[in-house]
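J.: Make a model of this:
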Amino acid sequence: MTERGNFGTKIGVVLATAGSAVGLGNIWRFPYMTGQDGGAAFILVYAVCILLLGIPGMVAEFVVGRHGASNAVRAYYKMGGRWWSAIGYMGTVTSMIILGFYAVIAGWCLQYLVASFMGNLHGDANYVATYFKTFSSAPWQPLLWTIVFIVITHLVVIRGVRKGIEKFSNALMPILFVLLLVIVVASCLLPNAGKGVEFLFKPDFSRMSQSVLLDALGQAFFSLSLGTSCLCTYASYFSRQTNLLKTAGQIACVDTLIAILAGLMIFPAAFSVGIRPDSGPSLIFITLPNVFQQAFSPTLGYVVAILFYALLALAALTSTISMHEIGTSFFYEELHISRRRGAIIETVVCCAIGVLCSLSCGAVDISLFGKSFLDCCDFLTSNILLPLGSFFTCILVGWVVPRRVVKDEVSNWGTLRVSVYAVWLFIIRFISPACILLVFLHQMGFV
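T.: Numbers count the residues shown, from 1 in each chain. Take a look at the predicted model:
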């Protein structure tokens, strides 16, 4: 079996783990949910959820991962025993399913990047909508892009932790940030862009409701990759000197900053042409191409579209790398095979899921419970498996693991003064499980 790797630098830890959190959830899901839930009021609640619940949840998963120093299944086994290893199995399966359907959407981003470069997205709103429907329901082209994206992810992961995950994260995250800033500046310089900035930062508390509160809470957990075993797996590569609480705070700051910058990229451009970006999941593939055409000059619109879809592809890649690593570490450690062989098994499984998800978008009728296979995978992971993974992790760390073990991990065996330890433990034991349960019931339609 290949010797386990580890992260080589502190910045590598932050960028790689932040990269696992930063993805389409920040640049695609966050803006359209903000648009649907009233703008600044949603962002304010979201920030509070990140601070009070997201960061504590991240630290809980870090505790399990670093203590276990192994794949998620074995890490949870070491923490709680055989029955608790089920959380690791659930997280590993969840990550495979997410990578399968995530790669389909990431493949669409690659297609739109190529189409933008070739100038194929110019036309009215009906043309753009027809283009997306025709492409996404085609049998071979989206399927090919899905496999290409998974293979690109595979080529990064097989290089190992330092030479693969850390090296590429150190390169991809700054590039992603620069691309985002360039589009933000271009968007904010448009006529009437101030209306979009105001929508993003001036709270309208009359829009507050129970639904907004629960949506913000759900987005906080989704955005930080809680419940996927991703954070647990990456924490297994942390050194004993890594400050878990500080690292979680830094990752949450990077993740939230990029989400807000994504809003600054989209809202000013949309408001400048009189379009409210609350069109839901179709935002980046139907609404925004039309926005770019109307808001910018032909040449600048061409450049912005290319940069935007390159940004989306890079953001998706930083997330799929972490998803792939979860299964790769499981296979090569539990089957006692090389890392390369473990990655191949993970890639084959995820390609199979990706193929079914891609074909279910229109080429072939593959459905479960009245939903396409892709939508079913999305619903199963986002609404059921992720909340369950987070919930039981909080129960394990807060109630089952000996208090001494938990405090040693959080305080680096007494070398760090963690003044908020008691507050963190109270949140993990009582507040987080209750909130996760509320999110779960809300997403299932009971609340």
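
J.: what pLDDT does Met1 get?
T.: pLDDT, Met1: 48.

J.: ditto for the one 10 residues further on
T.: Model confidence at Ile11, given as pLDDT, is 91.

J.: Same question for the one 4 residues further on.
T.: Here, the pLDDT recorded for Leu15 equals 90.

J.: Does it touch Asn170 like I think?
T.: Yes - assessed by CB atoms under 8 Å, Leu15 is found in contact with Asn170 at 5.5 Å. Backbone N, C-alpha and C define where each C-beta goes, glycine included.

J.: Looking at those two, which one has more neighbours?
T.: Of the pair Leu15 and Asn170, Leu15 is the one with more neighbours under other CB atoms under 10 Å, namely 26 against 17.

J.: element containing Trp413, please.
T.: Under DSSP states H and E, no helix or strand contains Trp413.

J.: Show me how far the lowest-mean-pLDDT helix or strand in the chain is from its chain's centre.
T.: Scoring the helices and strands of the chain by mean pLDDT, DSSP states H and E places helix 24 at the bottom, with a mean of 76. Centroid separation between helix 24 and its chain, computed with CA atoms, centre = their mean, to the nearest Å, is 6 Å.

J.: and the helix or strand that comes right after that helix, what does it pack onto?
T.: The helix or strand immediately downstream of helix 24 is helix 30-36, counting by DSSP H and E. Where contact means 3 or more CB pairs under 8 Å, 6 or more residues apart in numbering; DSSP states H and E, helix 30-36 is packed against helix 40-49, helix 210-223, helix 244-272.

J.: quick one: buried residues of the shortest one?
T.: Same thing as helix 40-49. Judged by neighbour count (16 or more other CB atoms under 10 Å), helix 40-49 contains these buried residues: Ala40, Ala41, Phe42, Ile43, Val45, Tyr46, Ala47, Cys49.

J.: mean confidence score for it?
T.: Taken as a whole, helix 40-49 has an average pLDDT of 90.

J.: sorry, back to before: distance to Gly370 added to the buried residues of helix 40-49, as JSON lines?
T.: Output for the buried residues of helix 40-49, formatted as JSON lines (distance: CB to CB, whole Å):
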{"residue": "Ala40", "distance to Gly370": "36"}
{"residue": "Ala41", "distance to Gly370": "33"}
{"residue": "Phe42", "distance to Gly370": "29"}
{"residue": "Ile43", "distance to Gly370": "33"}
{"residue": "Val45", "distance to Gly370": "32"}
{"residue": "Tyr46", "distance to Gly370": "31"}
{"residue": "Ala47", "distance to Gly370": "36"}
{"residue": "Cys49", "distance to Gly370": "31"}
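
J.: where in the stretch 1-150 of the chain is pLDDT low?
T.: 1-4 (pLDDT under 70).

J.: Which parts of it are strands?
T.: Assigned by DSSP state E, counting those that start in this stretch, the stretch 1-150 of the chain shows no strands.

J.: quick one: buried residues of whichever helix in the chain runs longest?
T.: In the chain, assigned by DSSP state H, the helix with the most residues is helix 298-334. Of all the residues in helix 298-334, those buried under the rule 16+ other CB under 10 Å are 301-333.

J.: before we move on, the earlier item: show me the one of the helices and strands packed on helix 30-36 that comes nearest Ala86.
T.: Ala86 lies closest to helix 210-223 among the helices and strands packed on helix 30-36, at 19.6 Å (CB to CB).

J.: Give me the helices and strands touching the closest one, please.
T.: helix 30-36, helix 40-49, helix 386-395, helix 432-443.

J.: what residue ranges in the stretch 151-300 of the chain score low on pLDDT?
T.: Short version for the stretch 151-300 of the chain, where the test is pLDDT under 70: 276-282.

J.: Quick check: Tyr102 touching Ser319?
T.: Yes - contact criterion CB under 8 Å: Tyr102 and Ser319 qualify, at 6.8 Å.

J.: shared neighbours of the two, which are they?
T.: Counting by CB atoms under 8 Å, 6 or more residues apart in numbering, the common neighbours of Tyr102 and Ser319 are Gly23, Leu24.

J.: re earlier: between the helices and strands packed on helix 210-223, which one is closest to Asn192.
T.: helix 30-36 (16.6 Å).

J.: pLDDT score for Tyr302?
T.: 91.

J.: Excluding chain neighbours, what is closest to it?
T.: The shortest distance from Tyr302 to any non-neighbouring residue, by CB to CB, 6 or more residues apart in numbering, is to Gly119 (6.8 Å).

J.: sorry, back to before: could you tell me the angle between the longest helix of the chain and helix 244-272?
T.: 150 degrees (axes from the mean of the first three to the mean of the last three CA atoms, to 10 degrees).

J.: following helix 298-334, which helix or strand comes up?
T.: helix 339-359.

J.: What helices and strands are in contact with whichever helix or strand comes after that next one?
T.: The helix or strand immediately downstream of helix 339-359 is strand 367-368, counting by DSSP H and E. In this structure, strand 367-368 packs against helix 373-379, with contacts taken as 3+ CB pairs under 8 Å, 6+ apart.

J.: Are there helices or strands packed against the helix it packs on, and which ones?
T.: helix 85-118, helix 339-359, strand 367-368.

J.: Could you identify which of those is most buried?
T.: With neighbours taken as mean count of other CB atoms under 10 Å, these reach their highest mean count in helix 85-118, at a mean of 23.

J.: That one to helix 298-334, inter-axis angle?
T.: Using the same axes, to 10 degrees, helix 85-118 lies at 150 degrees relative to helix 298-334.

J.: roughly how far is helix 85-118 from the heart of the chain?
T.: 10 Å.

J.: returning to that earlier point: for Phe426, find the nearest of the helices and strands packed on helix 30-36.
T.: Closest of the helices and strands packed on helix 30-36 to Phe426 is helix 244-272, at 14.6 Å (criterion: CB to CB).

J.: helices and strands around that closest one, which ones?
T.: Using 3+ CB pairs under 8 Å, 6+ apart: helix 244-272 touches helix 10-21, helix 30-36, helix 40-49, helix 55-68, helix 167-188, helix 193-201, helix 288-295, helix 403-410.

J.: chain center to it, what's the gap?
T.: 12 Å.

J.: try stretch 359-375
T.: On CA atoms, centre = their mean, the centre of stretch 359-375 falls 23 Å from the chain's centre.
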